[in-house]
Every structure is written in C-alpha cells, then in structure tokens.
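S.K.: compute the structure for the input listed below.
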Amino acid sequence: MQVTTITVKAGRTFNHPLESYSNLRCDAQMTATLDAGDDPVEATKQLRQTVETLCEDHKQEMLQSIEALEERRRNNARRISLKNQIDQMQGELESLQLVPASTGF
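M.R.: Below is the predicted model of the structure:
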C-alpha cells in the first residue's frame with residue numbers, strides 16, 4: 001500500500017470567558033499530497049503540528065478579540081456614566097448661580 005494523501009483535523013471547544021453556559025469552537029483541517037519517497041508518518045506529524053498550531057492560534061485570537069470588545073464596552077459605559085455625572089453637576093452649578101445673593105450679611 002502506498003499512501004498518497006493525508007488529512008489532519010484539529011478542533012478546540014472552550015468556555016466563553018464572559019458568558020456562563022456558552023462555548024466557543026474553532027476547527028482546522030489540512031490535506032497534503034505526498035511526493036514519492038515522503039515518509040507518511042513524519043508528514044502526518046508535521047501536518048498535525050501545523051494544524052494544531054493554527055487551531056490554538058485561532059483560539060487565542062478569539063479570546064483576545066472578546067477581551068478587547070469587552071474592554072471597549074466597559075470604557076464606553078464608564079464614559080457615558082461620567083458624562084451623565086458631568087451633566088448633572090453642570091445643572092446643579094447653573095441652578096446655584098441663579099439663586100440671588102442674600103442681602104442679610
């Protein structure tokens with residue numbers, strides 16, 4: 001028997017870092033055609049390493065993207081909160097400036 005092609009698949013299922021009961025999944029698959037004289041076992045090991053690396057890198061990129069989006073969401077919420085506080089204080093300041101000065105002192 002002569003092996004002419006190999007296919008390797010890899011996948012990761014992992015918990016969503018911010019949501020309960022939510023999982024993420026990434027998959028990768030590669031097929032290689034062997035040349036005459038190639039060792040199928042060694043070629044499979046190399047292809048497996050490549051596919052596993054691709055899959056793990058994709059997982060890490062997904063996690064980093066989720067964290068970056070969450071940081072943007074938190075920063076935006078904080079910005080809105082601070083703007084509301086400024087608006088409220090500005091209103092209080094303006095109302096204090098409208099109060100006539102007392103003449104009793």
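S.K.: count of neighbours near Val51?
M.R.: By the criterion of other CB atoms under 10 Å, Val51 has 19 neighbours. For the C-beta atoms, the positions are set from N, CA and C on the backbone; glycine is no exception.
S.K.: touching, it and Asp27? I think so.
M.R.: No - between Val51 and Asp27 there is no contact under CB atoms under 8 Å: 9.5 Å.
S.K.: joint contacts of the two?
M.R.: Overlap of the contact sets of Val51 and Asp27 (by CB atoms under 8 Å, 6 or more residues apart in numbering) consists of 9-10.
S.K.: mind listing what Leu18 touches?
M.R.: 66, 70.
S.K.: mind redoing it with 10 Å?
M.R.: Residues in contact with Leu18, defined by CB atoms under 10 Å, 6 or more residues apart in numbering, are 66-67, 69-70, 73.
S.K.: ok, Asp57 next?
M.R.: Counting by CB under 10 Å, 6+ apart, Asp57 has contacts 26, 28.
S.K.: how far away from the center of its chain is the helix or strand that contains it?
M.R.: Taking DSSP states H and E as the definition, Asp57 sits inside helix 40-98. Computed by CA atoms, centre = their mean, to the nearest Å, the chain-centroid distance of helix 40-98 equals 7 Å.
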